[in-house]
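**Student:** task: produce atomic coordinates for the following.
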Amino acid sequence: MQALPIQHRLGGFYFFYYSIVGTFMPFWNLYLEDQGFNYQQIGLLSSIAIVTRFFAPFIWGWIADKSGKRMLLVRIATWMEACIWFMIFLVPNTFQAVALLMLIFSFFQNAILAQFEGVTLFWLGEKRTQLYGKVRKWGSIGFIAGVFGIGALLEIIPISMLPIMLLCIACLAFLWAFTIQEPHAAPRSQEKLEPLLPILKRPVVAAFFAIEFFLLFAHAPFYSFYSNYLHQAGFSTTEIGVLWSVGVVAEIIMFAYATFFFSRFSWRHLVSFCLLLTSARWIIVGLFPNSFIVQFLAQTIHAFSFGLFHMIAMRIIFQNFSIGQQGRGQAMYSTMWGLGVALGSILAGRYWQMLSGEMIFVIAGLSTLIGLLFVRWLPKYIQQA
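**Tutor:** From the prediction side, this is the model:
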């Protein structure tokens, strides 16, 4: 295994990590619905699973920057993740018990991606511009494998078996984490951490994180209720899996060809384009709930809603946060993600029955446009990594 090039080992971990995400995200709320939880409870549980992003990323980022042991944290977190999916069979099936497990799960889940992104950027070094998209695409492939594989399995086995599938994949991610060592270029333990506040006060950084909040706030109904929304419209779990996968295929294509956009447009223009297309995406999802073709086309916009926006985020973080601040910089990105999705999930769950899913998605699309108020502080000219 050690003979594998480092980019293949990094890609392998992204594959297993996002296989978990591809199994959890589309089908977990269907599992909760099957277990008897109502939409308001599902919305709260979805927000609980995300709420630790308010504080957990900073805890993990502080520990990572202080200790320099990023991969050790990743291994511990993947092991605890596997333990949570085992515990789901031991605790009573109550709202309080599931909420507690989701709280613990998300606390450790938030340790993984933010720190592993930093590990990847450190390992790729000067080649990160050319190689990051190629490595990161394996996460997208893992997501598709999870969505398609689990979606097909759920046609023949009950959805109550979902935690067993999550347990198996988490164990594979834990084992694979041992193939990746601490990056040589990353700083070791630091007695005194560099302050973060001066970086956060930079207009480009503050504006970008504000935009990220509104973009992810608009994504909340999708992450929390899209599968339930499609299920209500009469789609099978296989069709639901296909629609989730379409977005990720579009994301993979974007990772492969994002340099086309970066070489021609500034961050300001690219982020504006992402916001406008994302707004159109959610409005289309809300207006045409019964059309598979329209939902299919709307999902292709994920290339911009997530794919291109995420690559811009990685460039902004690596350019603005120093080597010793990368753990906390990635944590800030993760925190704003959680803040937006958690707040949006709570509101979507609260008003889903009152306003209907269709109207919730239309409102989400309109709320995306608030992010356009902040793009003026992004660089006007082409930004290279």
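**Student:** so how far is Glu182 from the spatially closest residue to Arg328 that is not a sequence neighbour?
**Tutor:** For Arg328, the nearest residue in space outside its immediate sequence neighbours is Gly61; the separation is 3.9 Å by C-beta to C-beta, 6 or more residues apart in numbering. Every residue, glycine included, has its C-beta placed from N, CA and C. Relative to Glu182, Gly61 is positioned 16 Å away (criterion: C-beta to C-beta, to the nearest Å).
**Student:** cool, and Thr259?
**Tutor:** In this view, Thr259 and Glu182 are 29 Å apart by C-beta to C-beta.
**Student:** go on, Glu33?
**Tutor:** Going from Glu33 to Glu182 by C-beta to C-beta gives 42 Å.
**Student:** just for the stretch 51-200 of the chain, where's the confidence low?
**Tutor:** Low-confidence segments of the stretch 51-200 of the chain, defined by pLDDT under 70: 185-193.
**Student:** mind redoing it with 50?
**Tutor:** Per-residue confidence of the stretch 51-200 of the chain (counting by pLDDT under 50) places no residue in a weak region.
**Student:** that one: helices as residue ranges?
**Tutor:** Shown for the stretch 51-200 of the chain, the helices assigned by DSSP state H, counting those that start in this stretch span residues 56-67, 70-87, 95-124, 128-153, 162-176, 197-200.
**Student:** related to what we said a few turns ago, please identify which of Gly61 and Glu182 sits among more neighbours.
**Tutor:** Using other C-beta atoms under 10 Å, the more surrounded residue of Gly61 and Glu182 is Gly61, with 30 against 15.
**Student:** can you pull the contacts of the more buried one?
**Tutor:** With C-beta atoms under 8 Å, 6 or more residues apart in numbering as the criterion, the residues that contact Gly61 are 114-115, 327-332.
**Student:** in CSV: the helices of the stretch 51-200 of the chain, plus distance to Ser279.
**Tutor:** As requested, those are exported to CSV (distance: least, C-beta to C-beta, whole Å):
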stretch, distance to Ser279
helix 56-67, 27
helix 70-87, 34
helix 95-124, 26
helix 128-153, 23
helix 162-176, 32
helix 197-200, 27
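**Student:** closest to Phe361 out of these?
**Tutor:** Proximity to Phe361 (C-beta to C-beta) singles out helix 128-153 among the helices of the stretch 51-200 of the chain, at 20.0 Å.
**Student:** buried residues in the closest one?
**Tutor:** 128, 131-133, 135-151, 153 (16 or more other C-beta atoms under 10 Å).
**Student:** try stretch 227-238
**Tutor:** Within stretch 227-238, the residues scored as buried using 16+ other C-beta under 10 Å are 227-231, 233, 235, 237.
**Student:** distance check, Gln7 against Phe15.
**Tutor:** 12 Å.
**Student:** if you count what's nearby, which of the two comes out ahead?
**Tutor:** Neighbours around Gln7 and Phe15, counted as other C-beta under 10 Å, are more numerous at Phe15. The numbers are 21 against 17.
**Student:** excluding chain neighbours, give the residue nearest to that one in space.
**Tutor:** Gly142 (3.6 Å).
**Student:** okay, now Ser266: neighbour count?
**Tutor:** Ser266 has 16 neighbours, counted by other C-beta under 10 Å.
**Student:** surely it touches Leu378?
**Tutor:** Yes: shown here, Ser266 and Leu378 form a contact pair, counting by C-beta atoms under 8 Å, at 7.3 Å.
**Student:** sorry, back to before: among the buried residues of stretch 227-238, which ones are in helices?
**Tutor:** Counting by DSSP state H, these place 227-231, 237 in helices.
**Student:** so who does the residue nearest to Leu72 when sequence neighbours are not counted touch?
**Tutor:** Across the structure, with C-beta to C-beta, 6+ apart as the measure, the residue nearest Leu72 apart from its sequence neighbours is Glu182 (7.6 Å). If a contact means C-beta under 8 Å, 6+ apart, then Glu182 has 68-72, 119 as its contacts.
**Student:** okay, the buried residues of stretch 227-238 in CSV with pLDDT and distance to Trp79 next?
**Tutor:** Converted to CSV, the buried residues of stretch 227-238 look like this (pLDDT from 0 to 100; distance: C-beta to C-beta, whole Å):
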residue, pLDDT, distance to Trp79
Ser227, 87, 28
Asn228, 87, 31
Tyr229, 94, 34
Leu230, 94, 34
His231, 89, 33
Ala233, 92, 39
Phe235, 92, 35
Thr237, 80, 29
